[in-house]
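J.: what would the 3D arrangement of this be:
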Amino acid sequence: MPRALLSVSDKTGIVELGRGLAARGFELVSTGGTARTLAEAGLAVTSVSDITGFPEMMDGRVKTLHPALHGGILARRDRPDDLDALAGHGIGLVDVVIVNLYPFRKAAANPATPFEALVEEIDIGGPSLVRAAAKNFRGVLVVVEPGDYPRLLAALDGPPDLTFRFELMLKAFAHTAEYDTTIATTLLQTKVDGDRVERAHGVDESAYTPTLHLADRLNLSVEKIRDLRYGENPHQQAAWYGTGSGGSGFSHVDILQGKELSFTNLLDLDAAARIAMEFPEPAAVVVKHTNPCGVAIGESPVDAYVRAREADSIAAFGGIVALNRPIDAATADAIVSTFIEAVIAPSIEQAARAILAKKANMRVVIAGFDTVTTFGELRSILGAMLVQQRDAVSEAYRPWTSASLPDGLRLVTKREPTVDEWAALRFAWRVCAHVKSNAVVFTDSRRTLAIGAGQMSRVDAVNVALMKARAARGSLAGSVAASDAFFPFRDGLDAVAKAGATAVVHPGGSARDAEVIAAADEHGLAMVLTGRRHFRH
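T.: Predicted structure coming up:
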């Protein structure tokens, strides 16, 4: 009688598979919870302990690691000496192995899971079974995905050809590789303190400083979510990958409607979502080509969205929108009143869905970013890869006032900012960090007024912003300005003052800081140095 070993964490479809195998004359061998599930469905099940002659030990830590099981999996069917060895020890063949592994990724995705509990989710016997069966793929069918159960049953009526066996082998090794990579990556984000090992939770709440361990070796394992029509241009192939079912951010989104998401849509949605995440207040962002053309906060999502759209209504046409609050009916009405390519939000109220559906081609995406646990960012260069910490604007997490500034911030001019200017400077600084360098951003305390992005000099960035402002509203008088890096000469500061700004924030650190500060005093500007640069390339 052929024999199938079933031991799964994800029990989707396992009863139906068990019935199909039994109907084809297979003996079902199983462990623990899988055996109970099959038995409760009325199927005859042989316990692994009956095969090994040894009971499960240590709360199930040791149950399948035994020659009586692995010998039946690894024996080469075309080797008489292997088969004689099995016969000499009374070991039977195992023809099918159905295994998927402990849900380590799910446990790791929950920051509340303590380190010791996380360790208990590291599967030992399961990967050994999968690897053994995959190694002997010519004689053993190994299945790790419930979606392949119907194909397995169909193949058993075949018999299975070598192409199918090899495909299952590849999936099996990819499954164990992804599992081990997830464990290694998660364990890198831990710290040892004396005799204690604790998980690092990404953000130090006292300093709001992201942590990232830059290991000597980086192993990546991602799953294809879908092929994309093309990349940035039609002649470029592209695909969208994620970190699996336990992932967060763009690894796990709900696409409600609209045309297929493109490569550039995803880049823009990411850029917009990153900015929206900076604000605890209701915030909205409109993006074009990864640069914001409007950012605003408001009393409600619709208030924030209308402010952001009207900050540069020409550029907003055909833009990508992100909100950090659920989209309600009022916000949906505002969104569909003009042409928007795509919108992303943490959720969408039922009444709003019907309104958004009026724009059938508009992509509507639901995603949560509050549980994104990794701060690492990867960039490819020719023949190599760069990894860096995510650029969190942590110095702006709390309000700025003359009496209470975060460490590193300094007021360097004779004039102090007013209460409104402090709020506006903090707002501008959070936006400026997400604009392509060289960047200069003009805002009030609640929305952007003009954005100069991706220029070769700060004077050019100011001039672009001024050009945009004149087209939209004519003046930047009374605004504040933020520059993502220092002013190397006073000409950039002079241009900011001439544009109408009354206060400015930038990192400082130039050899000519004294000259730039003196220029600010000449113009009567208030100037704050952050001591922290926010380039974005």
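
J.: now for the residue of the chain most remote from its centre: which residues touch it?
T.: Taking C-alpha atoms, centre = their mean, the residue of the chain most remote from its mean C-alpha position is residue 88, at 53.0 Å. Neighbouring residues of residue 88 by C-beta atoms under 8 Å, 6 or more residues apart in numbering: there are none. The C-beta positions use only the backbone N, C-alpha and C, and glycine is treated the same way.

J.: in terms of secondary structure, what does the one helix or strand residue 17 maps to contact?
T.: According to DSSP states H and E, residue 17 maps onto helix 14-23. Contacts defined by 3 or more C-beta pairs under 8 Å, 6 or more residues apart in numbering; DSSP states H and E place helix 14-23 against strand 3-8, strand 27-30, helix 32-40, strand 96-100, helix 149-156.

J.: neighbouring strands - and their directions - for the fourth one?
T.: Within its sheet, and counting by DSSP bridges, strand 96-100 is paired with strand 3-8 (parallel), strand 141-143 (parallel).

J.: circling back to that earlier point, got the angle for the helix holding residue 17 vs helix 32-40?
T.: Angle, helix 14-23 to helix 32-40, by axes from the mean of the first three to the mean of the last three C-alpha atoms, to 10 degrees: 60 degrees.

J.: the closest residue to residue 533 other than its chain neighbours - how many residues pack around it?
T.: The shortest distance from residue 533 to any non-neighbouring residue, by C-beta to C-beta, 6 or more residues apart in numbering, is to residue 507 (4.5 Å). Counted by other C-beta atoms under 10 Å, the residues lying close to residue 507 total 20.

J.: isn't residue 507 right up against residue 488?
T.: No. Using C-beta atoms under 8 Å, residue 507 makes no contact with residue 488, being 11.7 Å away.

J.: so who does residue 473 touch?
T.: residue 449.

J.: swap in residue 377?
T.: Residue 377 neighbours (C-beta under 8 Å, 6+ apart): 387, 388, 389, 390.

J.: where in the protein is pLDDT low?
T.: 59-60, 200-213, 215, 219, 244-247, 370-375 (pLDDT under 70).

J.: what's residue 250 in contact with, if anything?
T.: 240, 242, 266, 269, 270, 367.

J.: how far away is the last one from residue 40?
T.: If I follow you right, that is residue 367. According to C-beta to C-beta, to the nearest Å, residue 367 and residue 40 sit 38 Å apart.

J.: okay, the two: which has more neighbours?
T.: Neighbour count, other C-beta under 10 Å: between residue 367 and residue 40, residue 367 has more, with 21 against 10.

J.: which residues touch the more buried one?
T.: 249, 250, 252, 253, 254, 273, 344, 346.

J.: give me the buried entries from the residues you listed.
T.: 249, 250, 252, 253, 273, 344, 346 (16 or more other C-beta atoms under 10 Å).

J.: the closest residue to the last one other than its chain neighbours: neighbour count?
T.: In this structure, residue 346 finds its nearest non-sequential neighbour in residue 368, 5.4 Å apart by C-beta to C-beta, 6+ apart. The local packing count at residue 368 equals 14, with neighbours defined by other C-beta under 10 Å.

J.: any idea how far residue 368 lies from residue 31?
T.: Distance from residue 368 to residue 31, by C-beta to C-beta: 35 Å.
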